[in-house]
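Need a 3D model of the sequence below.
(4 chains)
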2 protein chains.
Amino acid sequence: MNIQFKKGVLELCVLTLLNRKDYYGYELVENISGFIMISEGTIYPLLRRFRSDGYVTTYLEESQEGPPRKYYSLTGKGRDVLIILQEEWESFVNGVNLLLRGVDDDQE
Amino acid sequence: MNIQFKKGVLELCVLTLLNRKDYYGYELVENISGFIMISEGTIYPLLRRFRSDGYVTTYLEESQEGPPRKYYSLTGKGRDVLIILQEEWESFVNGVNLLLRGVDDDQE
DNA sequence: ATTTAGTACCTTGCATAATAAGGTAGTGTG
DNA sequence: CACACTACCTTATTATGCAAGGTACTAAAT
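Residues are numbered from 1 along each chain as shown, chains lettered A, B, ... in the order given. Got it, this is the predicted structure:
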């Protein structure tokens, strides 16, 4: 898979999932991996960024299957960013698809 | 517009346009700008990369409206890359959209 | 004649983000 | 006790988009 395509889109994916429920990092990797290739080295720095930007808050919970899990919870600010990113993603894909399909933008 | 979204996609856009006809750099910027934001500082390095990778060949032509134009012509290798990129783009957008729409990947 | 605007090319340095590759620890199984 | 799996994390590398700058040609306006 083309690495470059993912730039910025993973933010949208993670925020979208966190808008449904709280996730811990490893769980996000497993979930997103079902749709697009992703590695842990990508998600943890991204989550740290989200926390320092105030998009999420975190809390720890013990696990019976391994080390404690750090859960991420979307904030109001995070939700605002999500909405903007959703719109940007939609109009971006739209623009690209128009270009790929050969629609002539010069006509009116 | 989110800069990150563009990463890698501009290659696809430029190759797609060059597959229809030869373009000169400035013309590509003007055309693509109709669909997604782009600047000259992006396109010229990309075109240099394409040439050194053998995706395009170039030739000069005089212009009555200014300095000579450097036209870019897609090679067979460039066309092969275009086909791969098209498929990757489609499956990538598909994966992202499934995730965004909340389709449960665990079910079968 | 000189300035301005438009066309058309180019480069350098910066910012961003994904990843590979590595590390630390806990739990449970052979 | 070694191994696999879960779960967290960091660092260095890589790629690419862009702002900001530059050069040079043509044509119209001052």
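
any idea how far residue A:88 lies from chain B?
5 Å (C-beta to the nearest C-beta, to the nearest Å). Every C-beta, even on glycine, is put in place using the N, C-alpha and C of the backbone.

tell me which element that residue falls in.
Element membership for residue A:88 (DSSP states H and E) is helix A:76-101.

Buried residues, that helix. List them.
A:78, A:81, A:82, A:85, A:88, A:89, A:92, A:93, A:95, A:96, A:99, A:100 (16 or more other C-beta atoms under 10 Å in any protein chain shown).

Could you list the low-pLDDT ranges of chain A?
Applying pLDDT under 70 to chain A flags residues A:104-108.

switch to 50 and redo it
Within chain A, the stretches falling below the threshold (pLDDT under 50) are A:106-108.

And the contacts of stretch A:39-47?
A:10, A:11, A:14, A:25, A:26, A:28, A:29, A:32, A:56, A:72 (C-beta atoms under 8 Å, 6 or more residues apart in numbering or on different chains).

Just the ones of these in strands?
A:56, A:72 (DSSP state E).

So which of the contacts of stretch A:39-47 would count as near DNA strand C as well?
A:10, A:11 (C-beta under 7 Å from any atom of the strand).

The helix holding residue A:88 vs helix B:76-100, what angle?
140 degrees (axes from the mean of the first three to the mean of the last three C-alpha atoms, to 10 degrees).

Just put the contacts of stretch A:39-47 in CSV and tack on distance to residue B:5 and neighbour count.
Shown next, in CSV, are those (distance: C-beta to C-beta, whole Å; neighbours: other C-beta atoms under 10 Å in any protein chain shown):
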residue, distance to residue B:5, neighbour count
A:10, 11, 18
A:11, 10, 20
A:14, 15, 29
A:25, 23, 19
A:26, 26, 16
A:28, 20, 22
A:29, 21, 18
A:32, 17, 23
A:56, 21, 23
A:72, 23, 23
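
Tell me the one among the contacts of stretch A:39-47 nearest to chain B.
residue A:32 (6.8 Å; C-beta to the nearest C-beta).

one step back: and the helix holding residue A:88, does that touch DNA strand C?
No - Helix A:76-101 lies out of reach of DNA strand C by C-beta under 7 Å from any atom of the strand, never closer than 10.5 Å.

just checking, what packs against that helix?
Helix A:76-101 sits against helix A:9-18, helix B:3-6, helix B:9-18, helix B:76-100, with contacts defined as 3 or more C-beta pairs under 8 Å, 6 or more residues apart in numbering or on different chains; DSSP states H and E.

Between helix A:76-101 and the third one, find me the angle.
Put plainly, it is helix B:9-18. Using the same axes, to 10 degrees: helix B:9-18 against helix A:76-101 is 20 degrees.

in helix B:9-18, what counts as buried?
Here helix B:9-18 shows B:9, B:10, B:11, B:12, B:13, B:14, B:15, B:16, B:17, B:18 as buried, counting by 16+ other C-beta under 10 Å.

which residue sits closest to the last one, ignoring its sequence neighbours?
Nearest-residue entry for residue B:18: residue B:74, 4.3 Å, with adjacent residues in sequence omitted and distances by C-beta to C-beta, 6 or more residues apart in numbering or on different chains.
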